[in-house]
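Engineer: make a model of this:
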Amino acid sequence: MRIDIVTLFPEMIAGFFEAGVLKSAREQGLIEIVLHNLRDFSEGPHKQVDDRPYGGGPGMILKPEPFFRAVEAIQREAALEPWVVLLSARGPLFNQAKAEELAHRDWLILLSGRYQGIDERVNTLADEELSIGDYVLSGGELAAASIAEAVGRLVPGALGNADSPVQDSFGGEYEGLLGPPQYTRPEEYQGLRVPQVLLSGNHAAIARYRREQAIEKTRQNRPELLDP
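Structural biologist: As a prediction, this is how the structure comes out:
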């Protein structure tokens, strides 16, 4: 899989891909992540990428030309047609199901905004818009890194244990639920003990316990998932 990220500040997230699962996946040749500075696709002596909004209002709007040039340049390298995602607070919420869907694509381009927003014409470049939450960030860099992480870890071979996603919240056997509590050694710490059922070796009982705990954790923290 290849993921291209177009952003005005690639240095903000470059280090994110130099550790952990994504670093390992890159070293194995499973994932290629390419960062592009939006300003490299702007013309003129000042490499201007933003301007005042038509109709008035506060802030600056990112111009369409650099995004169009960036996507066109990336697509010239692609044997296949990349899937283009515009990161936007106005987009549908990104979730685990969407991560699994995107993980089946060979090539993603993530377009990251800044300032007051992006010229609406950039939407014509995108196959879809996505938001990572009902809040506003100063830019889409963290959203791009989050989506790259969520998608990249699902690429076959990226995780050391292929069964790991089965235990994830929202995924595997806990689709639509938060994951259950997890424990490791020691069996007792400061009077807090590991639930006996997890030490029993009874796999059916452990599966029932984890399912019950996942439902209860979801009921406590995200009840809307149980009654959408």
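Engineer: for this structure, what spans make up the helices?
Structural biologist: Ranges of helices within the chain are 20-27, 64-76, 96-102, 141-152, 203-221, based on DSSP state H.
Engineer: any regions of the protein where pLDDT drops low?
Structural biologist: 161-169, 171-172, 228 (pLDDT under 70).
Engineer: just want the most central residue of it.
Structural biologist: Closest to where the C-alpha atoms of the chain average out (Cα atoms, centre = their mean) is residue 147, at 1.2 Å.
Engineer: got the contact list for that residue?
Structural biologist: Residues near residue 147 by Cβ atoms under 8 Å, 6 or more residues apart in numbering: 85, 87, 94, 99, 102, 110, 130, 132. Bear in mind the C-beta positions are built from the backbone N, C-alpha and C, glycine included.
Engineer: got TSV for those, with neighbour count and distance to residue 67 too?
Structural biologist: Shown next, in TSV, are those (neighbours: other Cβ atoms under 10 Å; distance: Cβ to Cβ, whole Å):
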residue	neighbour count	distance to residue 67
85	28	12
87	28	12
94	20	20
99	21	24
102	23	20
110	26	12
130	22	16
132	20	20
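Engineer: quick one: residue 214 and residue 175 touch, right?
Structural biologist: No. Taking contacts as Cβ atoms under 8 Å, residue 214 lies outside contact range of residue 175: 10.4 Å.
Engineer: okay, domains of the protein per the record?
Structural biologist: Domain ranges of the chain: 2-152, 166-225, per automatic domain parsing.
Engineer: picking that back up, how far away is the residue nearest to the centre of the chain from residue 220?
Structural biologist: 27 Å (Cβ to Cβ, to the nearest Å).
Engineer: go on, residue 70?
Structural biologist: Distance of residue 70 to residue 220, given as Cβ to Cβ: 44 Å.
Engineer: more neighbours: those two, which one.
Structural biologist: residue 70 (22 against 9; other Cβ atoms under 10 Å).
Engineer: re the thing from before, so can I have CSV of the helices of the chain showing distance to residue 45?
Structural biologist: CSV is the format used below for those (distance: least, Cβ to Cβ, whole Å):
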stretch, distance to residue 45
helix 20-27, 36
helix 64-76, 15
helix 96-102, 38
helix 141-152, 26
helix 203-221, 53
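Engineer: what's the most buried one of those?
Structural biologist: Highest mean neighbour count among the helices of the chain (mean count of other Cβ atoms under 10 Å): helix 141-152, with a mean of 22.
Engineer: only alpha carbons, please: show that one as CSV.
Structural biologist: Coordinates of each C-alpha in helix 141-152 appear next as CSV, following Å, rounded to 0.1, in the frame of the first residue of the first chain:
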residue,chain,number,x,y,z
GLU,A,141,-2.1,16.9,9.7
LEU,A,142,-3.2,15.0,12.8
ALA,A,143,-6.2,13.6,10.9
ALA,A,144,-4.0,12.4,8.1
ALA,A,145,-1.6,10.7,10.6
SER,A,146,-4.6,9.1,12.4
ILE,A,147,-6.1,7.7,9.3
ALA,A,148,-2.7,6.5,8.0
GLU,A,149,-2.1,4.7,11.3
ALA,A,150,-5.6,3.2,11.5
VAL,A,151,-5.4,2.0,7.9
GLY,A,152,-1.8,1.0,7.8
